[in-house]
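> A predicted structure for the sequence below; I have some questions about it.
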Amino acid sequence: MQGVDLLGKLIQCVPERVKALSSSVSTQQSATGWSAKEEFGHLLDSAANNHQRIVRAQLEESPAMPDYDGDAWVALHAYQETSWPELIDRWKSLNTQLLTAARAVSDSAWSRTLIIGDSGKLTLRFVFDDYLDHMFHHLEHMGVEVADLR
């Protein structure tokens, strides 16, 4: 499945699957130091950052984008104290906006490059595919069944 279509499928399916996580699992700290709510919140931060990357790579010639400190962003946003319904609504909204930007990418623009932090040049296709892989990794780690969506 092509990446853009895959993101659309995730937007359709993930909210209900995340709702199914028990409240005890959602707030319990894992070995990574984050609860499921914080890990899902990290995916909000990832969506916000990757949305910027997708838009700017289309509008600027080889933009240099900052990296971000995931732990600091999670702490700042206090995801542990945010309700599941609010986190799920934000996740769906942010990813729907990101999907709109991704659908606007022309075939030739997927090969445009950008720099993130101290990375070398990365293609927009790589950044988008890496975003999806990152999302799958964290959802699976949280215990959300997503293998059937790949």
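Structure received.

> And Leu7, how close does it get to Tyr68?
20 Å (CB to CB, to the nearest Å). C-beta here means a position set from N, CA and C on the backbone, and glycine is covered the same way.

> Tell me which of those two has more neighbours.
Leu7 (22 against 14; other CB atoms under 10 Å).

> Nearest spatial neighbour of Glu140, chain-adjacent residues omitted?
Val146 (6.1 Å; CB to CB, 6 or more residues apart in numbering).

> residue contacts, that neighbour?
10, 13-14, 17, 136, 139-140 (CB atoms under 8 Å, 6 or more residues apart in numbering).

> Among the residues you listed, which are located in helices?
10, 13-14, 17, 136, 139-140 (DSSP state H).

> From these, list just the buried residues.
10, 14, 17, 136, 139 (16 or more other CB atoms under 10 Å).

> Out of those residues, which two sit at the greatest distance?
The span of those, defined through CB to CB, is set by Arg17 and Phe136 at 12.4 Å.

> how near is the nearest residue to Ala147 once chain neighbours are set aside to Arg125?
In this structure, Ala147 finds its nearest non-sequential neighbour in Glu140, 7.4 Å apart by CB to CB, 6+ apart. Here the criterion is CB to CB. By it, Glu140 lies 23 Å from Arg125.

> Same question for Leu99.
15 Å.

> quick one, helices of this structure?
Using DSSP H, helices in the chain cover 3-19, 23-27, 36-59, 70-77, 84-103, 124-142.
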